[in-house]
Structure formats: C-alpha cells, structure tokens
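Visitor: Provide a 3D model corresponding to the input given below.
(one chain, ligands or ions: 1)
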Amino acid sequence: MFPFFKKKSKDFVDETREEQAKDIEKLYPVELKEKMLAGEECDQISSATGEFGHSATNPIPVNGHWGEIKYIQRLRCACGAILLFHRLRSVEVSLINEPVDIFETVCIDGKHWDLLYLHLYHPRRSTFMPKGYTFSRFDPLYSKACFALGTNKIMEDFPFGMSTELAENLGGTMGDRFVKLYEKYVNDRSKFKRSQDHLKKLEIIAGINNIHSNLAQFESDHIEQSDLNTKNAEAYLKKGNAYSKEKNYDQAILNFTKAIEINSNFELAYKIRGHTFLTQGNLTQAILDFTKVIKMNPKDAEIYFGRSLAYFILRDYEKCWRDVHKAQELGYIVDQEFIDTLKKNSGR
Ligand SMILES: [Zn+2]
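Guide: Model (predicted):
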C-alpha cells in the first residue's frame, strides 16, 4: 500500500530496546507478550495508510498497555502542554492485525482536543510523532515511571473524575502527590469544553468507522429474529468474519457469498465482503460490492470512502475525487494528508 507522512523527532530519546524488552518480560501475560514480540518492530506499520496516529489505518506502534501510557505522556500539544487521556474503545481494522486503540486526549490548558490511534502489539515504541505534537525531553526518572495524566480505561466524565484511577496506577505516596497535581490542573469545567468538530468525530467513532462494531450491533439488533433464512445468512456472515480475523480471506469471501446467496439484500454482507476484497487487493470486486451497498443505502459515508480508496489504488482519480467529496458531504472526516496526496497524484 502507501505508507506516507513520516515524522521523526530529531533528537528523540526513549528507553533503550533492552529496557523496553524488560518491561515486556515483566508486565504482560504470556499470550500478549508473544504477540508483542512477534509484532513488527517499526516506527510506522508497513501496511499503514492515512495520517500517522490520526487514523485507524495508521495507528502508532507501541508495546503493551504501559507502552501506550509511556508514549502518550511524552507528547506535547502546540501549547507545549502535557496531555490528559483515556481510552475510548478498540476497533478492528481490515489491514491491521489485532485491534487498534482509540484514545481521546486534551491538553491541560483545555485547548487541544484530539483522537489518537495506537496499536500495542509491537516489541518497541515508535519514535514518530503525530502531526501537531512534539515529544517532551526524556526524563530518566519520570519517563520510565509512567507519570501520566491518563489511563487506558474509559472515563465517563473525562477529563474529570480520574483521581482514583491515577492513584491506583502509580501507587504509594508518589501516586498521591501526583493526583494532587492532576486535581490542580483539572478543576474548572468551563476550561474543558469539546468543540463541535471534536464532538462530531466522537460521534463517528461511536458509529460508522468500524465494520466489526457494525456487525456486533447487527447481532444485538437481530437476535430476536426467527426467520430461518436470515439466521442462516447471519451464521455464514459470522463464519466469514471469523475467517477474516485469521486472515483467511478466500474462505471468508466464500462464506460472505453464501450469506448473500441466501439473502440478496444483505447490506452488511456486501459491505464486509467489499472491505475484504479491498484488503485482498481485488479492487474491481470491491468496487462492485461497495456500489451495491451505495444503491441500498446512499447515506453510508464510510462506503463512499472505501470505494474512493479502491479508485485511488486503481489511479482512477476522477472517480476517487467524486467519492471523497460524497463521503465528506455525508460527514466522513477524510484525512487531510490523503486529500493532499490525492491532489498531488491527480494533478489538481
Ligand atoms: Zn494545547
């Protein structure tokens, strides 16, 4: 694919590879440890697309849950301020192995709200920064000890109400002292107001940006349905989805196709099969499926964006532009970097 937009701090210092390996050894259960050690050692995932750290398809590689915290605590926004953060959820992304974590962040000045995407299945942390951020200087005590104003749990009243969580994460009297600092920063509700733009992004995160979450929604919506055909089609969809998670795309597509044979109006099956074709690089088939979904549901912004990716790879820029514009019209936030690359490639 097209890994672009790398940003590296000139004098970036982090814990050594040995220190990071020790963390992995010490802090994680065997299964997760093995996944991390087998993961790609990189600053940016090689199959990534879109803007680094700001899109689900280009998450920041880090090592484990503590790696996420250690990474985010080093980031500074444009004000130069430290970030408060919590983890909203995880999503499955078709080109990325294992789920991607979505964090909501805000600087302690309350000015910069953001969503950052991280991926914790790697042996070391990335040395790249997302656009708009710098790294703080490496501190041999604090940077190693995870003194962070955030957590990888979801905090319903974020950025408020995190005292207990932070105290537990750090422990001891240092933890208590740190919580006092947090409470000093975060006490004024008028300072932490999300912008309309940011709220819109949160809505999208909760909704359309994840085919597998749509599947979960579908399962809970349709659990009561007794129609046998529907159940059979749904069973094939689930089976296909399981194959897809194992990256067995041929078997996955076979099952999605069976689901569609039983129920020719099965929108979600076309949608997921289209994404699977796209993952496989079978662009013509992907476009056919996406087009079918668009006919059934012309308001599905994500599908227009999915189809635009297929056109982009096929270098059919006119059609790519058309779909990008349509996706935007429907409220989909397309990465600026993708737009810039499209502009460059299409000569517009
Ligand atoms: Zn800021």
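
Visitor: against which helices or strands is the helix or strand encompassing Glu68 packed?
Guide: Take DSSP states H and E as the rule and Glu68 turns out to sit in helix 64-74. Contacting helix 64-74 under the criterion 3 or more CB pairs under 8 Å, 6 or more residues apart in numbering; DSSP states H and E are the following elements: helix 17-27, strand 83-91, strand 100-107, strand 113-119, helix 142-145, strand 149-150. For glycine as for every other residue, the C-beta is placed from the backbone atoms N, C-alpha and C.

Visitor: buried residues, that helix. List them.
Guide: Across helix 64-74, burial judged by 16 or more other CB atoms under 10 Å covers Gly64, His65, Trp66, Gly67, Glu68, Ile69, Lys70, Tyr71, Ile72, Gln73, Arg74.

Visitor: tell me the SS of Ser46?
Guide: The three-state label given to Ser46 by DSSP: H, G, I helix; E, B strand; the rest coil is coil.

Visitor: from the middle of its chain, how far away would stretch 301-313 be?
Guide: Its chain's average C-alpha position is 18 Å from that of stretch 301-313, according to CA atoms, centre = their mean, to the nearest Å.

Visitor: one more: stretch 271-278?
Guide: From the chain centre to the centre of stretch 271-278 is a distance of 18 Å (CA atoms, centre = their mean).

Visitor: can you pull out the low-pLDDT segments for the stretch 1-150 of the chain?
Guide: Low-confidence segments of the stretch 1-150 of the chain, defined by pLDDT under 70, span residues 1-12.

Visitor: residues from it in reach of the ion?
Guide: Counting by CB under 5 Å from the ion, the stretch 1-150 of the chain comes close to the ion at Cys77, Cys79, Ala81, Cys107, Asp109, Lys111, His112.

Visitor: what is the neighbour count of the residue nearest to the third one when sequence neighbours are not counted?
Guide: Beyond its immediate neighbours in the sequence, the residue positioned closest to Ala81 (CB to CB, 6 or more residues apart in numbering) is Cys107, lying 4.0 Å away. Counted by other CB atoms under 10 Å, the residues lying close to Cys107 total 24.

Visitor: surely Cys42 touches His122?
Guide: Yes: if you go by CB atoms under 8 Å, Cys42 and His122 touch, sitting 6.9 Å apart.

Visitor: so what sits against both of those two?
Guide: Counting by CB atoms under 8 Å, 6 or more residues apart in numbering, the shared contacts of Cys42 and His122 are Pro61.

Visitor: the more surrounded of those two?
Guide: Here Cys42 and His122 are compared on neighbour count by other CB under 10 Å; more neighbours surround His122, at 28 against 16.

Visitor: so what's that one up against?
Guide: In this structure, His122 makes contact with Met36, Gly39, Glu40, Glu41, Cys42, Pro61, Val62, Asn63, Gly67, judged by CB under 8 Å, 6+ apart.

Visitor: quick one, which of these are buried?
Guide: Met36, Gly39, Cys42, Pro61, Val62, Asn63, Gly67.

Visitor: the first one: which element?
Guide: Spelled out, it's Met36. Following DSSP H and E, one finds Met36 within helix 30-38.

Visitor: how many neighbours does Met162 have?
Guide: Tallying neighbours of Met162 according to other CB under 10 Å, which is how burial is gauged here, yields 23.

Visitor: nearest to the spatial middle of this protein, which residue is it?
Guide: Ala56 (3.0 Å; CA atoms, centre = their mean).

Visitor: re earlier: which one of the residues of the stretch 1-150 of the chain next to the ion has the most neighbours?
Guide: The most neighbours of any of those, using other CB under 10 Å, belong to Cys107, which has 24 neighbours.

Visitor: give the bridge partners for that residue, please.
Guide: According to DSSP bridges, the residues that bridge with Cys107 are Leu83.

Visitor: thought it was touching Leu75?
Guide: No: here Cys107 lies out of contact with Leu75, judged by CB under 8 Å, at a distance of 9.4 Å.

Visitor: mutual contacts of these two, please.
Guide: Common contact partners of Cys107 and Leu75 (CB under 8 Å, 6+ apart): Leu83.

Visitor: residue contacts, Val324?
Guide: Under the criterion of CB under 8 Å, 6+ apart, the contact partners of Val324 comprise Tyr304, Phe305, Ser308, Val334, Phe338, Ile339, Leu342.

Visitor: not counting sequence-adjacent ones, nearest residue to the first one?
Guide: Counting by CB to CB, 6+ apart, Ala327 is the residue found nearest to Tyr304 once chain neighbours are left out, at 4.0 Å.

Visitor: what's the domain layout of this structure?
Guide: With automatic domain parsing serving as the domain definition, the record reports that the chain contains domains spanning 17-194, 211-346.

Visitor: what's the span of the longest one, first residue to last?
Guide: The first residue of domain 17-194 is 37 Å away from its last residue (CA to CA, to the nearest Å).

Visitor: now it, how far from the centre of its chain.
Guide: A distance of 13 Å separates the C-alpha centroid of domain 17-194 from that of its chain, computed with CA atoms, centre = their mean.

Visitor: what residues are up against the nearest residue to Phe160 once chain neighbours are set aside?
Guide: In space, Phe160 comes closest to Val186 once its chain neighbours are excluded; the distance is 6.1 Å by CB to CB, 6+ apart. The neighbourhood of Val186, defined by CB under 8 Å, 6+ apart, consists of Leu84, Ile108, Pro159, Phe160, Met162, Phe192.

Visitor: residue contacts, the closest residue in space to the last one that isn't next to it in sequence?
Guide: Of all residues not flanking Phe192 in the chain, Gly110 sits nearest, at 4.5 Å (CB to CB, 6+ apart). In this structure, Gly110 makes contact with Lys191, Phe192, Lys193, judged by CB under 8 Å, 6+ apart.
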